[in-house]
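Q: starting from these lines, generate the structure:
(chains A and B)
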Amino acid sequence: MLFNSFQFVFFFIAITLLYFILPHKYRWFLLLAGSCYFYMAFVPIYILILGFTIVIDYFAGIFLEDASGKRKKWFLVASLFANIGVLAVFKYYNFLNENLTILLSGLGKSNPIPYLSILLPIGLSFHTFQAMSYTIEVYRGHQKAERNFGIYALYVMFYPQLVAGPIERPQNLLHQFYEKHSFEIDRVVSGLKIILWGFFKKLVIADRLALYVNAAYNNADHHSGQTLILATIFFAFQIYCDFSGYSDIAIGCARIMGFKLMTNFNRPYLSSNISEFWTRWHISLSTWFKDYLYISLGGNRVSIPRWYFNLFFVFLVSGLWHGANWTFLIWGGLNGCYLILALIRQRFWKKMGWGTISLPPFLGKVISLSTTFILICFSWIFFRANSLHDSFLIVRKIFTFKGPIFNNNTPSLFFSFIGIFILIAAELKQEYWKGSISFFNNPSPVVRYISYVTIILIILLIGVFDGGQFIYFQF
Amino acid sequence: MALEKTNLNQVKIFAFKLLVLIAVFYVFDFLVGATLRYFYFRQKSGVEYETIYAMEKANEDVLVFGSSRASHHYVPKSFETILGKSFHNVGRENNFVLYSNALLRSITLRHIPKIVILDLNYREFEKTDRHYDYLSSLLPFYKNHPEIRPIIEMRSRYEKLKFVSNIYPFNSLAPTIAVGYFGLKKGKENIQGYIPLYRVMSDSAKVIGTSDNYPIDSNKVAAYESFVRLCKDKGIKLYVVCSPYYDFVEHGDSTINLATQIAIKNEVCFWDYSKDRYYAGKAPFFDDNIHLNNGSATTFSDSIALRIRADAMLTQKLTALGEK
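A: Predicted structure coming up:
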């Protein structure tokens, strides 16, 4: 069930109404049943996979809490093994097998291991990581094991964030299922506003830009360097609006019912450097990797080469988390390299005793924002390209900078620019002029109502209603 | 019940605010939608104008239906000269048998053409959502043409609901309407719906493999059957044609095979030029892999018109013989 479908709208209204009508003690069951229905609307049978990890982690949590020493460690290892095992089978098996085939054929041998013809369960990486964060937190003693199986299942399956995050932590979400949420008008309205903005990002910007990006990237060899530059910039906005739009809808839906989910995006393209970008982009995943992998590897409290290795490794794994493809690995590796190079430059600068270059603040900001955006755009090429061959072809073409800009639909291109313009204006306002004129939160109800209606009218006028699913569902 | 008294008050306030918002939205939606409708149906040129003409004005003797291949392959002059009948090409880029069926339903309510040519493509019956998305070109006609509503409603389960909004039928059309209404941009050359192409392609022909292995969409097959039946019921002489392709095709295409069988069953002429060696593989005849350029489109149109004339003469003779 996609957020951008009527099916979801009806589902959401029904669940929310029932949620507030039902006595508190039955609400968790309603949410769990609703979440099962939501998930089964994709591929019903895959709920069994989810069920498997839920059962494993539920008991693992209880055993972890009661155990100590080596036994405790083994319970954690078993739980992680089960979770990663499911991921490995469904997501990485064919990728590894394919590479094994290539390797063996290079040695003149054939690969006897068969391929699996299976579909990747939707949102598998998201709920697996959320489940893993629970067992790790119980192991670390930061979270008590959840004894109510239904509540634990709901923690993993809570439908707003089940298939594309934000990847929640048990400390933030679990206790909220025990809290009684009453109908509060301000909270409901604020949730609806977030949902509306999410739909705007998805339907007006992401799905519109997708038309151009897909046309260019799916036929990269027929397009000029200039077209591919434009398509890459468009993709940067497409993926941001697609994913953050989904997060907004998820956060808004949860908020209406009284749940507070973590912020997942914080205007990432207004970052002054790559390090800052990663504190603003897909925050729930970045912090997951930081808390559970980077710090476990020693973080920055190790020798400098080891520190660089830790950074690079975490980004490689992050790339692999996104997809079983070399393009994602390069994307992750590239971002790791950006960070390491920035650190090396910083150290070198300090060692040489060079001061900071004094530029007018505005100019300095523009340069740093642009540089970060360009670097991120460059990495997106690998993320979006259909294959490794395509990604290198696109990079080569971009650097030749030849040929005309592809335009098969001027109105669509025009709408794309309008969408991006509105997004940039809104984000700049939120970032730098927060106290200035507001629309959705204006004290005047007339301005507020006109703002809501204007956004809905823009969605109806220039939104794309035949757009597909959310990009991050595939992860 | 979990809703306490204070909550109930909050719910009432919220419901009231929501109603106000819906009312404000409805007023704006109505105003913007009505404005777009007014200008849409008063366009004087452009792609949308071609659909308006086909749906509400076309009254020629010979009509050609189909996609971009129809609009680029059938030259009016050839048909008018050889058959001595008025002609219009109602083919439209990215629109296939579902669109053609809707168009024919509307046209035949006010005018019965003498001859109809339906140009079919490879994979036209393939199950793909894209073809349903393309039906968006018919959304502005939903309100006043109930005969095409079932076809438009195939776009999605909740399509009917979307028409609560007056803007929805004109989604993404505002600039196109402005251009068409004010005649701001000289569009592609258009001769009675025929859009000539002038490029000569340079690639060398390739043999494309079998295109048999794809799922067939029963809605599209039903639309084709409905198209054939409608022509039969209204006494329209129908010719189904698969016009030339540049690439050689090794095996038959499922759509063409199925369409041929249905045509034979309904005693309709089906002419397949897709493997015609006169055209296939000859770059100077083509603008791209699937579209003839103007010169070869004229040759092709001449041959179709001559064949229709011969068929008509043969039918006449057979009828005369039958009467004797």
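Q: in the chain, which helix or strand is least confident?
A: Using chain A here. helix A:93-106 (a mean of 87; mean pLDDT, DSSP states H and E).
Q: the chain in question should be chain B.
A: Least confident helix or strand of chain B, by mean pLDDT, DSSP H and E, is strand B:207-208 with a mean of 62.
Q: quick revisit: give me the buried positions along the least confident helix or strand of chain A.
A: A:Tyr93, A:Asn94, A:Phe95, A:Thr101 (16 or more other C-beta atoms under 10 Å in any protein chain shown). The way it works is simple: take the backbone N, C-alpha and C, and place the C-beta from them, glycine included.
Q: what about the longest helix in the chain?
A: In the absence of a named chain, this looks at chain A. helix A:225-256 (DSSP state H).
Q: hm, I was asking about chain B
A: Max-length helix for chain B by DSSP H is helix B:5-40.
Q: who touches the following helix or strand past it?
A: Helices and strands here follow DSSP states H and E; after helix B:5-40, the next one along the chain is helix B:47-56. Under the contact criterion C-beta atoms under 8 Å, 6 or more residues apart in numbering or on different chains, helix B:47-56 has outside partners B:40-41, B:43, B:88, B:90, B:92-93, B:103, B:106-107, B:137-138, B:140-141, B:145, B:173, B:176-177, B:180, B:187, B:190, B:193.
Q: would you mark the buried spots in helix B:47-56?
A: Across helix B:47-56, burial judged by 16+ other C-beta under 10 Å covers B:Val47, B:Glu48, B:Tyr49, B:Glu50, B:Thr51, B:Ile52, B:Ala54, B:Met55.
Q: just the closest of those residues to B:Thr298, please.
A: B:Glu50 (20.6 Å; C-beta to C-beta).
Q: around chain B, pick out the residues from the stretch 1-150 of chain A.
A: Contacts of the stretch 1-150 of chain A with chain B, taken as C-beta under 8 Å from any C-beta of the partner chain, map to A:Ser5, A:Phe6, A:Gln7, A:Phe20, A:Ile21, A:Leu22, A:Pro23, A:His24.
Q: would you list those residues in JSON lines and tack on neighbour count, secondary structure and pLDDT?
A: What follows is the residues of the stretch 1-150 of chain A next to chain B, written out as JSON lines (neighbours: other C-beta atoms under 10 Å in any protein chain shown; DSSP: H, G, I helix; E, B strand; the rest coil; pLDDT from 0 to 100):
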{"residue": "A:Ser5", "neighbour count": "15", "secondary structure": "coil", "pLDDT": "86"}
{"residue": "A:Phe6", "neighbour count": "14", "secondary structure": "helix", "pLDDT": "88"}
{"residue": "A:Gln7", "neighbour count": "15", "secondary structure": "helix", "pLDDT": "90"}
{"residue": "A:Phe20", "neighbour count": "20", "secondary structure": "helix", "pLDDT": "92"}
{"residue": "A:Ile21", "neighbour count": "14", "secondary structure": "helix", "pLDDT": "91"}
{"residue": "A:Leu22", "neighbour count": "17", "secondary structure": "coil", "pLDDT": "92"}
{"residue": "A:Pro23", "neighbour count": "10", "secondary structure": "coil", "pLDDT": "91"}
{"residue": "A:His24", "neighbour count": "13", "secondary structure": "helix", "pLDDT": "90"}
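Q: distance to B:Ala70 added to these, as TSV?
A: Listed next are the residues of the stretch 1-150 of chain A next to chain B as TSV, based on distance: C-beta to C-beta, whole Å:
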residue	distance to B:Ala70
A:Ser5	33
A:Phe6	34
A:Gln7	36
A:Phe20	56
A:Ile21	56
A:Leu22	58
A:Pro23	63
A:His24	63
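Q: what sits against B:Phe87?
A: Contacts of B:Phe87 (C-beta under 8 Å, 6+ apart): B:Glu60, B:Asp61, B:Val62, B:Leu63, B:Val64, B:Pro76, B:Phe79, B:Glu80, B:Gln192.
Q: check the closest residue to A:Val395 other than its chain neighbours and give its pLDDT.
A: Distance criterion C-beta to C-beta, 6 or more residues apart in numbering or on different chains; nearest residue to A:Val395, sequence neighbours excluded, is A:Ile381 at 6.1 Å. If you check A:Ile381, the pLDDT there is 96.
Q: again with B:Lys206
A: Reported pLDDT for B:Lys206: 65.
Q: and stretch A:272-283, how far from the chain's centre?
A: Taking C-alpha atoms, centre = their mean, to the nearest Å, one finds stretch A:272-283 lying 13 Å from the centre of the chain it belongs to.
Q: okay, buried residues for that stretch please.
A: For stretch A:272-283, by 16+ other C-beta under 10 Å, it's A:Asn273, A:Ile274, A:Phe277, A:Trp278, A:Arg280, A:Trp281, A:His282, A:Ile283.
Q: test my guess that the fifth one contacts A:Asn264.
A: No: counting by C-beta atoms under 8 Å, A:Arg280 does not reach A:Asn264; the two are 9.8 Å apart.
Q: how far off centre is stretch B:273-290?
A: 23 Å.
Q: how far does that stretch stretch from start to finish?
A: 12 Å (C-alpha to C-alpha, to the nearest Å).
Q: mean confidence for that stretch?
A: 87.
Q: with stretch A:263-281 instead?
A: 95.
Q: quick one: end-to-end distance for it.
A: 10 Å.
Q: now stretch A:142-157
A: 21 Å.
Q: and it, what's buried?
A: For stretch A:142-157, by 16+ other C-beta under 10 Å, it's A:Gln143, A:Ala145, A:Glu146, A:Ile151, A:Tyr152, A:Ala153, A:Leu154, A:Tyr155, A:Val156, A:Met157.
Q: which members of those occur in helices, if any?
A: Under the assignment DSSP H, those contribute A:Ile151, A:Tyr152, A:Ala153, A:Leu154, A:Tyr155, A:Val156, A:Met157 to helices.
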